[in-house]
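S.K.: Task: produce atomic coordinates for the following.
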Amino acid sequence: MTAGSIVLYEGLGTAVLILLGAGVVANVVLRPTFGTGAGWLMITFGWGFAVFAGASIAEPSGAHLNPAVTIGLAVAGATEWAMVPFYLIGQFAGAFVGACLAWLAYKANFDRNVEEDPEGNRDTRGIFCTGPAVARSGWNVVTEIVATFVLVFWILSNPVAQAPDGSGVPQFGNGALGYAAVAFVVIGIGCSLGGPTGYAINPARDLGPRIAYALLPIKGKGSPEWGYSWVPVVGPIVGAVLAGLLGLGVA
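M.R.: Model prediction:
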């Protein structure tokens with residue numbers, strides 16, 4: 001896999017991940033839409049399916065879609081460190097593009113939202129990036145560490161299924177579910193650990209769309225909350241490194 005191909009497939013996959021992920025939040029948060037007020041479960045399932053779609057597209061590059069996953073795999077020896085910068089370039093660029101596409105898809109709804117309520121778009125940052133339910137930076141980082149550790153260690157513990165040589169009944173385990181299995185894990189993390197911080201568990205998923213939110217001409221929008229932006233970057237990376245160290249003998 002060439003560096004250019006990694007950037008391309010990671011960019012495409014991450015763009016679709018964010019398009020569908022930010023899209024489901026917009027569908028729930030904005031009004032009027034056909035999903036207004038659908039709630040947290042709608043969001044967690046939407047993000048899970050977004051992971052499945054994005055990962056399926058990025059399959060040729062290994063479908064990392066997440067700097068934390070890339071770094072965790074590198075720490076565990078499953079990804080070459082020389083390729084890590086190219087994964088990250090594709091992931092951050094794709095996240096930014098995906099966020100912009102989600103805004104375009106809901107442009108009329110953003111406009112109508114502020115027409116009905118001049119303050120209606122003040123809280124739309126959450127469509128693009130995460131924020132804490134209770135602002136305690138240290139504990140918010142801990143939440144992101146724990147949630148990301150679960151994701152990355154699960155990935156390291158469940159390699160892609162491969163048909164065995166010879167005869168007999170193949171034993172694929174969870175790997176037989178492919179990217180659907182990862183989607184289930186992400187849904188589980190969202191339902192169980194997403195309450196405190198919105199479960200970024202992915203630096204690109206948060207920072208790329210946060211930058212997009214800061215730049216996009218959204219009428220009446222609020223602050224991108226740069227003071228919090230380091231939490232969903234540092235937390236997932238620490239969690240991924242810990243998972244990678246523990247997974248050295250697994251990958």
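
S.K.: Next up, the contacts around residue 37.
M.R.: 28, 31 (CB atoms under 8 Å, 6 or more residues apart in numbering). Quick note: C-beta positions are derived from backbone N, CA and C, even for glycine.

S.K.: Swap in 10 Å and give it another go.
M.R.: Taking CB atoms under 10 Å, 6 or more residues apart in numbering, we find residue 37 in contact with 28, 29, 31.

S.K.: Identify the residue spatially nearest to residue 149, adjacent ones excluded.
M.R.: Leaving aside its chain neighbours, residue 149 sits nearest to residue 239 (4.0 Å; criterion: CB to CB, 6 or more residues apart in numbering).

S.K.: For this structure, which helix or strand comes out least confident on mean pLDDT?
M.R.: helix 107-116 (a mean of 90; mean pLDDT, DSSP states H and E).

S.K.: do you know how far the residue nearest to residue 149 is from residue 248?
M.R.: Per CB to CB, to the nearest Å, residue 239 is found 16 Å from residue 248.

S.K.: on that earlier part again, what sits up against the least confident helix or strand of the chain?
M.R.: By CB under 10 Å, 6+ apart, helix 107-116 touches 26-27, 29-33, 36, 103-104, 106, 119-122, 124, 127, 216-221.

S.K.: go again using 6 Å as the cut-off
M.R.: Helix 107-116 is contacted by residues 30, 33, 120, 121, 218, 219, 220 when judged by CB atoms under 6 Å, 6 or more residues apart in numbering.

S.K.: What is the burial count for the last one?
M.R.: Okay, so that is residue 220. Residue 220 has 16 neighbours, counted by other CB atoms under 10 Å.

S.K.: Then residue 6?
M.R.: 25.

S.K.: name the helices or strands packed onto the helix or strand hosting it?
M.R.: According to DSSP states H and E, residue 6 maps onto helix 3-29. The helices and strands touching helix 3-29, judged by 3 or more CB pairs under 6 Å, 6 or more residues apart in numbering; DSSP states H and E, are helix 40-57, helix 84-105, helix 125-128.
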